[in-house]
Every structure is written in C-alpha cells, then in structure tokens.
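[1] I need the structure of the sequence given here:
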Amino acid sequence: MRDIAVFTGSAHPQLAAEICEHLGVPLLPTKTSRFANDCIEVQLQGNCRERDVFLIQPLVPPVQENLVELLFMLDAARGASAGRITVVLPHYAYARSDKKDAPRISIGGRLVADLLQTAGAHRILAMTLHSPQVHGFFSIPVDHLHALRELAHHFRGYDLSNTVVVSPDLGNAKEAAHFARMLDIEVAAGAKQRYADDKVVISSVIGEVADRDVIILDDEIAKGSTVFELLGRLRERNVRSIRVACTHGLFTADAVQRLSDEKDVEEIVCTNTVPIPQSSRTGKLTVLSVAPALAEAMRRIHNGESVSALFA
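    From the prediction side, this is the model:
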C-alpha cells in the first residue's frame, strides 16, 4: 500500500480516519481556505505524483459546500500528477435526482456525475445509491457497495423466527427481498405514492405482517415522512414490534428523536456513511460502521482485485 494516498474533505473526517486505520496508511491532510470574496481554495498537503489517490467525501449537508470542496480536491490531485484518482462517495445525495418527473427540471444525479469526471475522477466507489439507474449516469468505472451485510450481521443477534422485512415502497422491494434472504425470513412492501418531498401516502402493505416482528428497511431516512406513514399502516395491522433500519441516517429536522419517541419503535439502526453528532443520538439509535467494507474495497481497487467478490 506504499503507493496509496488518502485524503478527506470536511464532510466526514471521522469515517476517513477509521478507513485509514483499517488500511494501515496515514490520512494525509487537506487544507481548505476561504478568501474575502467567499471563494474557497483547496490544497492537498501530501505527495500525489504517480500515486493511487483516494478522496473520501460523502455529499452530506451542507451538500453544495462539500460538493465544491470535492471538485477542488479532484482538480488539485489532477494538477499534482496523480496516477489515478478514485472518489469514495459513502453517500451520493444527488442520487435522488434521477429522473425528469416534472417539466423543466434538472437531473442533478447525472449532472454531478459529469462534474466529478470533468474535475478529474477516474473511478467512483459508492455505497447504496438511491436507485439502480444512477450507476449508469457515470461514464467512468463505478464500484457500488451496499451495507446489507453489516445490517444483516446486526439483526442475526435477535430471534427472527417470527420476523418479516418490510420495504416502504415497491422501488426498494428488491433490496428488501435480498436482505430478507440473507436473514432467511419473509418480505413485505408498502404501496407508496409521493406527492412532495415531505408528503407521502402508503395505501396498503403487501404481504403478511399481522402479529409479526417487523424490520423496516430503507436506503436512507431524512425527515422520516415515509417511515412515519408506514408506521401508521403497520399499527392498523397489529404488528408485534418494529425496528427501523437504513444505510444513510440523515435524520434531518429531529427525525431520530421523533422516531425514538414512538413507543412501538424498539430500535433504529443505520451506518456511519453520514456523520451523526453525539448530541443528536438517542438510546434507541445504533450506528454500524462501514469503514471495514470501504477499506477492503479500496485495498482491492488499489491491488487490481475483484470488488464484486466482497458480495459472494
């Protein structure tokens, strides 16, 4: 690993440090300065010449600030004659902007993918993209990881003899079915319609959930509108217990506290793809680390080994 150089931006330095600890390499410093006119300047304070450079930066709030910082990091690495530049995107916020579902709107997921490549990215390492078509927005290689293995390992510690995995919508049903197979349990799904960013309606739940222990599985939770709507439908069907699981725990607008206040929600499980301040955590929140998985994928990319073998 002597020819590897790992840098991080401001978005999630704790995750980057943990990844480097697993790799056994130093996390090289990055200096971000802001001028009087509010423009930023980024300096990578480590040697990049002909090295395999990894830039770790999830697109988390403030998303636009972190995106621009990442673009400047890419430009700096390219200008420093990096041999290859891989962007490690634990969370790709613009993956939600994946289609034209209204007149005269931008498709942010595709545009940002183009920006990353133009700025100098040679490949992308992402985790749990919001929808499969986002993978195709990139015209450079993309290694797409998921956190189902980490989530499944956690839930195997419970008695799952009467448990069912519930996807909030049919779009996530394939991932939920994969997760259910890993746990050797059944799967169900909600029939969801979204009318606005924070307005969703789940008309029914497809599958047998009555008197069952439920694991709600989603890719990300922001305000929690979908989960709260699904909780209402599950209560109508007299489920026995509820646990909530996701990869990206954004938890905006005190969502984690409001979910914790729901008496029938026994646990909220997410990963550390997104930084969650200690002040926002509750006794019901469990945060799993994806640093070992990302570190192993980075090691395999660096050594020219198969990344897909991680899921075998």
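[2] element containing the spatially closest residue to V307 that is not a sequence neighbour, please.
    Excluding its sequence neighbours, the residue lying closest to V307 (CB to CB, 6 or more residues apart in numbering) is D143, at 4.5 Å. (Each C-beta comes from the backbone N, C-alpha and C, glycine too.) Under the criterion of DSSP states H and E, D143 resides in strand 142-145.
[3] what does G46 give?
    Going by DSSP H and E, G46 is not in any helix or strand.
[4] that one touches T8, doesn't it?
    No - look at G46 against T8 with CB atoms under 8 Å: they stay out of range, at 11.3 Å.
[5] the two: who's more crowded?
    T8 (25 against 16; other CB atoms under 10 Å).
[6] and the helices in the stretch 101-250 of the chain?
    Assigned by DSSP state H, counting those that start in this stretch, the stretch 101-250 of the chain shows helices spanning 108-119, 148-155, 173-183, 225-236.
[7] out of those, nearest to I206?
    I206 lies closest to helix 173-183 among the helices of the stretch 101-250 of the chain, at 8.7 Å (CB to CB).
[8] what's the closest one packed up against?
    Where contact means 3 or more CB pairs under 8 Å, 6 or more residues apart in numbering; DSSP states H and E, helix 173-183 is packed against helix 148-155, strand 163-167, strand 186-196, strand 213-221.
[9] how about a cut-off of 6 Å?
    helix 148-155, strand 163-167, strand 186-196 (3 or more CB pairs under 6 Å, 6 or more residues apart in numbering; DSSP states H and E).
[10] mind checking the pLDDT average for it?
    Mean per-residue pLDDT for helix 173-183: 95.
[11] what's around R51, how many residues?
    Neighbours around R51, by other CB under 10 Å: 20.
[12] repeat that for D159.
    Other residues close to D159 by other CB under 10 Å number 7.
[13] ok, now E208?
    Other residues close to E208 by other CB under 10 Å number 11.
[14] go on, F54?
    Neighbours of F54 using other CB under 10 Å come to 28.
[15] ok, now the one 10 residues further on?
    By the measure other CB under 10 Å, the count of residues near Q64 is 10.
[16] next one, pLDDT for it please.
    For Q64, the model assigns a pLDDT of 97.
[17] and the contacts of whichever strand or helix holds it?
    Secondary structure from DSSP H and E places Q64 in helix 63-79. Contact with helix 63-79 is made by 9, 11, 42, 44, 48, 53, 55, 57, 59, 85, 93, 119-121, as judged by CB atoms under 6 Å, 6 or more residues apart in numbering.
[18] show me those that map onto helices.
    Residues of the contacts of helix 63-79 located in helices (DSSP state H): A119.
[19] which of the contacts of helix 63-79 has the most neighbours?
    V53 (30 neighbours).
[20] ok, for that residue, nearest residue in space, not its chain neighbours?
    Counting by CB to CB, 6+ apart, the residue nearest V53 is A82, at 4.2 Å.
[21] and for that neighbour, the neighbour number?
    23.
[22] and it, its phi and psi?
    phi -60, psi 140 (degrees, to the nearest 10).
[23] bridging residues for it?
    R49 (DSSP bridges).
[24] and the gap between the closest residue in space to A152 that isn't next to it in sequence and L160?
    Nearest residue to A152, sequence neighbours excluded (CB to CB, 6+ apart): M182, at 4.3 Å. For M182, the distance to L160 (CB to CB, to the nearest Å) stands at 11 Å.
[25] picking up where we left off before, I'd like the contacts of helix 63-79 as TSV, with pLDDT appended.
    Shown next, in TSV, are these (pLDDT from 0 to 100):
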residue	pLDDT
G9	96
A11	97
V42	97
L44	98
C48	96
V53	98
L55	98
Q57	98
L59	97
I85	98
A93	96
A119	98
G120	97
A121	98
